[in-house]
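>>> quick one, what's the 3D model for this:
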Amino acid sequence: MNTTLTCPHCATEVKVDDLICFTCGANLPRTARDDDTPAASTVMQAYLRPDERAGPISSTVLRLSFPTGNVDVPAGTTVLLGRDPAESLVAAAFAEYENVSRRHATVTVDDAGHASIRDENSTNGTFVNGDRVLPGISVRLADGDVVRLAADVAADVVLPRQQPDPASLSRPGQH
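Have a look, this model is predicted:
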């Protein structure tokens, strides 16, 4: 069965198994199928003692709202922003911007839901709230930040507020 769907952002026909729209770069909603089974534990997970495991991956999703569409980055993933479709799954979002490098910047959301951006030696720079990000250096992102690629490709950062880590909290009188 070769079923197709429609992208909710640009109405292009997409395949059921596609994760993104290859026309506009939008992330596509994923529906659970009957044959979806949970992934087996990795060899490393099987040998770690329970107290050594990092815990579950956060459900946090970072959203960058660019003029050409949204780029969503779930926890535990990395997305390359740039115009090279061979390197960037969201290249279609930057196709009309000549000043965005082919490999411009990398956005990472770790398993705990903390987001960062790193400039990949882009020609015209990456900026967070107007401050230039030095190439190769990761800068933390927070809800409400503005990310800019080159001179004119800006995105608002939408990142749900993180719950405090209980291990980092202390009771009154404790240090």
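>>> state the pLDDT value of the most centrally placed residue in the chain.
A centroid search over the chain (Cα atoms, centre = their mean) returns residue 73, at 2.1 Å, as the residue closest to the centre. Per-residue confidence (pLDDT) for residue 73: 91.
>>> surely residue 7 and residue 15 touch.
No - taking contacts as Cβ atoms under 8 Å, residue 7 lies outside contact range of residue 15: 10.7 Å. Quick note: C-beta positions are derived from backbone N, CA and C, even for glycine.
>>> neighbour count: these two, which is higher?
residue 7 (20 against 12; other Cβ atoms under 10 Å).
>>> need the contact list for the more buried one.
13, 14, 21, 23, 24, 26, 28 (Cβ atoms under 8 Å, 6 or more residues apart in numbering).
>>> and of the residues you listed, the nearest to residue 160?
Checking those against residue 160 with Cβ to Cβ, the nearest one is residue 26 at 19.6 Å.
>>> which SSE is the closest residue to that closest one other than its chain neighbours in?
Setting aside the residues directly before and after it, residue 26 is nearest to residue 9 in space (Cβ to Cβ, 6 or more residues apart in numbering), at 4.0 Å. Taking DSSP states H and E as the definition, residue 9 sits outside all helices and strands.
>>> just list the residues touching residue 9, thanks.
21, 24, 26, 69, 70.
>>> may I see those organised as CSV, with neighbour count and distance to residue 63 added?
Formatted as CSV, those follow (neighbours: other Cβ atoms under 10 Å; distance: Cβ to Cβ, whole Å):
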residue, neighbour count, distance to residue 63
21, 24, 16
24, 18, 15
26, 23, 11
69, 19, 11
70, 18, 5
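>>> what count of nearby residues applies to the closest residue to residue 13 other than its chain neighbours?
Among residues not flanking residue 13 along the chain, residue 4 sits closest, at 4.9 Å (Cβ to Cβ, 6+ apart). For residue 4, the tally of surrounding residues (other Cβ under 10 Å) stands at 10.
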